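Engineer: Build the 3D model from these lines:
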Amino acid sequence: MVSHNIKARGSLSNSAGRFERYETESFDDGWDAEDDLPVLRTEVRQEVARSAITYNRSPDLPFDRSINPYRGCEHGCVYCFARPSHAYLGLSPGLDFETRLVARPNAAGILRKELSARGYKVAPIALGTNTDPYQPIERDLSITRSCLTVLQEFRHPIGIVTKGTLIERDLDILSEMAQDGLVRVGISLTTLDADLSRRMEPRSPSPQRRLSVIRRLTGAGVPVRVMTSPLIPGLTDHELEALLEAGRDAGADAASWIMLRLPREVSGLWQDWLKQHEPARAGKIMSKLREMHGGRDYDPRWGRRMRGEGEYAGVIAKRFALAVKRLGLATRTPSLRCDLFSKPAQAGDQLCLF
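Structural biologist: I've put the predicted structure just below:
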């Protein structure tokens, strides 16, 4: 039978990850009404991090290192490409990903040690590339703010990706770093339809609230890129120009786009969501996605995974190019400054005599 009320959650199931030998399946035995079931609550456990900075060699990404203070994300975006990472923890990429979270409370201390290492070479760090650094649990744990404080102390360049409103709390740090060209923020704006957003990304801020965040950030001097990601064919693609214009009007000076990605378990979760919430459009949406990926739900190859290929992908790319030109939005932005990086004095350092 159904064991929990899963209202305000993105995934409709909790299927085992790809590494598990066994899988359990819930079924409705007719005795319990959904409203009578206990609400599925968020659980947070702590992990002692051995490293804070993760390095990558992907040619698709504009950075080679990142920090993720949390594993899993309570925003519950059903389309999230990071869901399969929960399988490495023995947890489900479905409901577990958005309800069984892992926090790394010692991340800032480890980050300080890594930045202080003799062989460390500075380059921009991306914060929040896998899961959102400003998801709701950050309000109580403040791990992201602790990491941000360390980065400010070292005058280290950083790029932040989020859709969370908690970033406004850290404007005191971000505005100071922005004055020195050390920070840029990307705000994800997927749709202007509040109802669609509520169903697709149930615990994320509303579209209008995200636009308000852009206004707050840019008003404080923090440069912002509006990220129309993911763009969903047959569901949100018609909003592309409106999303870019809304972001520009809120103060964003740059823009980017990424097509919906369905790696591993995400494809099944997404298709279940379509059957429940958008059954009339499900066939068209999946047909367009497969058209861009050689008949598959997803093509993981570098150079193709972010935007696909073919006629439809080309049309979206042309629409984006025309819109950003008309709106005066940049697609390339000035590099964050690396020349200001300095290692602050640590307890026990030998003082220089001259």
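Engineer: Where does pLDDT dip in the stretch 1-150 of the chain?
Structural biologist: 1-4, 17, 19-37 (pLDDT under 70).
Engineer: Show residues contacting stretch 100-111.
Structural biologist: Residues from elsewhere that reach stretch 100-111 (C-beta atoms under 8 Å, 6 or more residues apart in numbering): 42-53, 67-74, 86, 89, 91, 135, 137, 141, 143, 146-147, 149-151. For glycine as for every other residue, the C-beta is placed from the backbone atoms N, C-alpha and C.
Engineer: And for residue 330, the neighbour number?
Structural biologist: For residue 330, the count of nearby residues is 14 (other C-beta atoms under 10 Å).
Engineer: So it sits against residue 252, correct?
Structural biologist: No - between residue 330 and residue 252 there is no contact under C-beta atoms under 8 Å: 9.5 Å.
Engineer: thinking again about what came up before, of the contacts of stretch 100-111, select the buried ones using a ChimeraX command.
Structural biologist: The following ChimeraX line selects those of the contacts of stretch 100-111 that are buried, judged by 16 or more other C-beta atoms under 10 Å:
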select :42,49,52,53,67,68,69,70,71,72,73,74,86,89,91,135,137,141,143,146,147,150,151
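Engineer: Just the ones of the contacts of stretch 100-111 in strands?
Structural biologist: 43-46, 67, 70-71 (DSSP state E).
Engineer: for those residues, which one is nearest residue 129?
Structural biologist: Nearest to residue 129 among the ones in strands among the contacts of stretch 100-111 is residue 67, at 8.4 Å by C-beta to C-beta.
Engineer: and the closest residue to the closest one other than its chain neighbours, what is it in contact with?
Structural biologist: Ranked by C-beta to C-beta, 6 or more residues apart in numbering and with sequence neighbours excluded, the top spatial neighbour of residue 67 is residue 127, at 5.2 Å. Applying C-beta under 8 Å, 6+ apart to residue 127 gives the contacts 66-68, 133, 144, 147-148, 158-161.
Engineer: Quick check: phi and psi at residue 127.
Structural biologist: Phi and psi for residue 127, reported as degrees, to the nearest 10, are phi -110, psi 120.
Engineer: Tell me the bridge partners for it.
Structural biologist: residue 67, residue 160 (DSSP bridges).
Engineer: how much space between it and residue 81?
Structural biologist: Separation of residue 127 from residue 81 (C-beta to C-beta, to the nearest Å) stands at 17 Å.
Engineer: Could you pull up the residues touching residue 229?
Structural biologist: So residue 229 contacts 188, 190, 256-258 (C-beta under 8 Å, 6+ apart).
Engineer: my bad, should have said residue 15
Structural biologist: 23, 92-94, 265, 268.
Engineer: Can I get the residues you listed in JSON lines including neighbour count and distance to residue 101?
Structural biologist: What follows is the contacts of residue 15, written out as JSON lines (neighbours: other C-beta atoms under 10 Å; distance: C-beta to C-beta, whole Å):
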{"residue": "23", "neighbour count": "10", "distance to residue 101": "22"}
{"residue": "92", "neighbour count": "25", "distance to residue 101": "13"}
{"residue": "93", "neighbour count": "28", "distance to residue 101": "13"}
{"residue": "94", "neighbour count": "26", "distance to residue 101": "14"}
{"residue": "265", "neighbour count": "22", "distance to residue 101": "17"}
{"residue": "268", "neighbour count": "16", "distance to residue 101": "22"}
